[in-house]
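**Q** below: sequence and its predicted model.
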Amino acid sequence: MKDTIRVLAIAPYEGLAHLLKLIGNQYDMLHLDIFVGDLEQGLTIARSHLPGRYDAVISRGGTADRIRCITPLPVIDISFSVYDILRSLKLAENYAQNYAFVGFQSIIDTVHILCDLLQYRIETHVVNSEEEIAPTLEQLKKQGITLVFGDTLTHEIAGEMGMNAVFINSGAESIHEAFRQVIQMFNTFSMFDSRVHLLEDAMRLQTSSSIILQEDGKLYFSSYDEDDAEEVLNYLRGMITSTLPDRHSKSFHLIGEKLFSIQMQKKNYKDNVFYLFSLGLSPIPKGSSKNGVRYYNHEEIKSNYFTSFFCLTAKASDLNTTLHEMNASRRPIMILGERGTGKDHIAYRLYLESPYTNKPFISIDCKLITERYWTFLTKHINSPFCDNDNTIYISNIQDLSDSWCRQLLSLILDTHLYKRNRLMLSCSLSIESDRDPSRDFIDYLPCTSLYMPPLRELTDDLPSASALYLNKLNSELSKHISGFETDALKILCDYDWPDNFLQLKRVLSDVVIHTTGNYIQADCVKEILAREMTQYAMTAPVKSTIDCNQPLQDIIKNVVLSTLQDCGGNQTKAAHKLGISRTTMWRYLK
């Protein structure tokens, strides 16, 4: 606690200034800076010295009232004590002519108390502003009043009007009382100040940081003292200008390179509006996907989509109307298709054209989820599943176990995750598995489904898309390739592309690297595809044309594969079309 209380004292007259100094010497803990000035003059003095390092202000009457309007510091009024008024009344006993007391309410109230006690009948007049003093005195003068009692300004105006006036002085008792109020108020404020500092120190020990902003965005309090504090503050100020809920809410935000879990609330306190923020660094680092969870901002998703091979295809343009209709609805979306058909990029496109681009795009890849992070996702308070108004994309649900699929579906339904967020899922259809977990999600949520056809069904689009991607590869690899030989392009179009756009992108990169001339040669394409066909020999779908010059078992297998292809990879539908069970169908495919 401070040992010295710094006080700015503004006295309306010299006598009071002298008395303040004399009595102030009796209080060791007070440091007084004393000035003389009444009303506007006193206000000017206050403006020139405040806020300074003062703890309180002492003045009197109308001067004190004016100073209160320009400072948040406590302003102590040297009031008129009973003794001050009593001394004036004793003087009035010796005056034979008519007299009256004129002053502000505080003076007249004390006069009334004494008159009641002493049974005096004295004329009093209350003025509410200095402009009322002269008209009041003029009226009293007409009534035959020759003497008035009042404060400094009343005394001065009465003299100018030719009336006798007695100035009501503030005595030592009033000054002692003012000093006691200053000390008492200071001790009370110091106690609260100590508690506030203690709470601030305690808040700084918390793992989360607290920031309070005023309605105009000015910082009121912060326990966040990292190097990026100004960037964080500017981000929070931007949140104030957007729609901030009155209720308590929590959400994830990417600020710079950090992912924050931010709890926020708007509070009204004594007619002032404050915005309360609690910031915690998310346990999931931005940009890391080793555990299957990654947060992207708008710019990252924009870059991922517009630098992809898929956005160069005619299929991407053909989906404009469909994607617009999907974005007009809040229903979850299930994106189906084989591996590499652009499911992730469709999710990016839907996000970019949605109203949620100011919030993170949260990608959860079930192929990479560990048991530890699955527990985090489904049970931790900082899980993205606990957040609201984000875009959550859960990909590769076919890689979840049956029990985890059921748990995820139950969580989505029970917590209304799909109503609180924009939810998208993807499932890769494969002839290597008879599991189709997408059906339960589509039926129970329910989902709007979007099927992405394989590249082998989009061969008409392949030449133009490949040419556009070739231009991108020229820039990346410092090449100057003009295009494809006719035979080379035909080979590309005739290939089945079991890994779809992923495989095509990889093949084109390889052939560009190995091409030294102006055009990509057919032999180079054959060599690269030979390696690919070896790698995908067991999984590559076959053309629908059946070669009957082969053993019956191979013909049956090819018929099953062709039917499965025609059914878009839907095992149940293909088995039904063939009139066999799914178990029999997969026995034929062995």
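**A** In hand now; what should we look at?
**Q** what does the average pLDDT come to for the one helix or strand Ala9 maps to?
**A** According to DSSP states H and E, Ala9 maps onto strand 5-11. Average pLDDT, strand 5-11: 92.
**Q** ok, stretch 241-249 next?
**A** 57.
**Q** tell me the contacts of the residue nearest to the spatial centre of the chain?
**A** The chain has Met239 as the residue nearest its centroid, 4.6 Å off, counting by C-alpha atoms, centre = their mean. By C-beta atoms under 8 Å, 6 or more residues apart in numbering, the contact list for Met239 reads Met264, Tyr275. The way it works is simple: take the backbone N, C-alpha and C, and place the C-beta from them, glycine included.
**Q** about what we covered before: got the contact list for the strand holding Ala9?
**A** With contact meaning C-beta under 8 Å, 6+ apart, strand 5-11 is reached by 17, 20, 24, 29-37, 42, 45-46, 49-50, 52-60, 63, 67, 182-183, 186.
**Q** next secondary structure after the longest helix along the chain?
**A** Among the elements of the chain assigned as helix by DSSP state H, the one spanning the most residues is helix 172-204. Next helix or strand after helix 172-204 toward the C-terminus (DSSP H and E): strand 209-214.
**Q** who does that next one pair up with?
**A** Strand pairing for strand 209-214, determined by DSSP bridges: strand 219-222 (antiparallel), strand 272-281 (antiparallel).
**Q** what are the contacting residues of that strand?
**A** 203, 219-224, 232-233, 236-237, 240, 272-280.
**Q** ok, how many other residues are close to Phe80?
**A** 25 (other C-beta atoms under 10 Å).
**Q** sec struct for it, please.
**A** Three-state assignment for Phe80 (DSSP: H, G, I helix; E, B strand; the rest coil): coil.
**Q** tell me the pLDDT of it.
**A** For Phe80, the predicted pLDDT is 75.
**Q** contacting residues for it?
**A** Phe80 sits next to Ser106, Ile107, Thr110, Ile168, Ser170, Ser174 when contact means C-beta under 8 Å, 6+ apart.
**Q** from the residues you listed, which ones fall inside helices?
**A** Mapping the contacts of Phe80 onto helices (DSSP H) picks out Ser106, Ile107, Thr110, Ser174.
**Q** report pLDDT for Thr572.
**A** 68.
**Q** ignoring the adjacent residues along the chain, who's closest to Val512?
**A** Spatial nearest neighbour of Val512, excluding adjacent residues (C-beta to C-beta, 6 or more residues apart in numbering): Leu473 at 4.7 Å.
**Q** what about the helices in the stretch 351-500 of the chain?
**A** 371-379, 402-414, 417-420, 438-444, 462-477, 486-494, 500-514 (DSSP state H, counting those that start in this stretch).
**Q** so where's the stretch 1-150 of the chain uncertain?
**A** Counting by pLDDT under 70, the stretch 1-150 of the chain contains low-confidence ranges at 1-2, 96.
**Q** Met585 - nearest residue in space that isn't next to it in sequence?
**A** Ala575 (4.7 Å).
**Q** Phe167: neighbour count?
**A** Count around Phe167 with other C-beta under 10 Å applied: 16.
**Q** how about the one 3 residues further on?
**A** Other residues lying near Ser170 total 25 when counted by other C-beta under 10 Å.
**Q** surely it is in contact with Leu19?
**A** Yes: counting by C-beta atoms under 8 Å, Leu19 is a contact partner of Ser170 at 7.5 Å.
**Q** before we move on, what SS does Gln41 have?
**A** Relying on three-state DSSP, one would call Gln41 helix.
**Q** still on that earlier bit, just checking, the residue nearest to the centre of the chain is part of a helix?
**A** Yes: Met239 forms part of a helix when assessed by three-state DSSP.
**Q** look up how far His155 lies from Glu300.
**A** Distance of Glu300 to His155, computed by C-beta to C-beta, to the nearest Å: 76 Å.
**Q** do Lys479 as well
**A** 98 Å.
**Q** between these two, who's got more neighbours?
**A** His155 (18 against 14).
**Q** which element, helix or strand, includes the more buried one?
**A** helix 152-160.
**Q** rewinding a little: make JSON lines out of the helices of the stretch 351-500 of the chain and add distance to Glu138, mean pLDDT and mean neighbour count.
**A** Below are these laid out as JSON lines (distance: least, C-beta to C-beta, whole Å; pLDDT from 0 to 100; neighbours: other C-beta atoms under 10 Å):
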{"stretch": "helix 371-379", "distance to Glu138": "83", "mean pLDDT": "88", "mean neighbour count": "15"}
{"stretch": "helix 402-414", "distance to Glu138": "82", "mean pLDDT": "93", "mean neighbour count": "15"}
{"stretch": "helix 417-420", "distance to Glu138": "73", "mean pLDDT": "92", "mean neighbour count": "18"}
{"stretch": "helix 438-444", "distance to Glu138": "89", "mean pLDDT": "89", "mean neighbour count": "16"}
{"stretch": "helix 462-477", "distance to Glu138": "92", "mean pLDDT": "86", "mean neighbour count": "15"}
{"stretch": "helix 486-494", "distance to Glu138": "107", "mean pLDDT": "89", "mean neighbour count": "16"}
{"stretch": "helix 500-514", "distance to Glu138": "96", "mean pLDDT": "90", "mean neighbour count": "19"}
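**Q** want to try JSON lines for these, with distance to Leu73 as columns?
**A** Converted to JSON lines, those look like this (distance: least, C-beta to C-beta, whole Å):
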{"stretch": "helix 371-379", "distance to Leu73": "51"}
{"stretch": "helix 402-414", "distance to Leu73": "56"}
{"stretch": "helix 417-420", "distance to Leu73": "48"}
{"stretch": "helix 438-444", "distance to Leu73": "64"}
{"stretch": "helix 462-477", "distance to Leu73": "66"}
{"stretch": "helix 486-494", "distance to Leu73": "81"}
{"stretch": "helix 500-514", "distance to Leu73": "70"}
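**Q** out of the ones you listed, nearest to Glu532?
**A** The closest of the helices of the stretch 351-500 of the chain to Glu532 is helix 500-514. By C-beta to C-beta, the value is 6.4 Å.
**Q** next secondary structure after that closest one?
**A** Remark: after helix 500-514, the chain's next helix or strand is strand 519-520, criterion DSSP H and E.
**Q** strand partners of that next one, parallel vs antiparallel please.
**A** Here strand 519-520 is paired, per DSSP bridges, with strand 483-484 (parallel).
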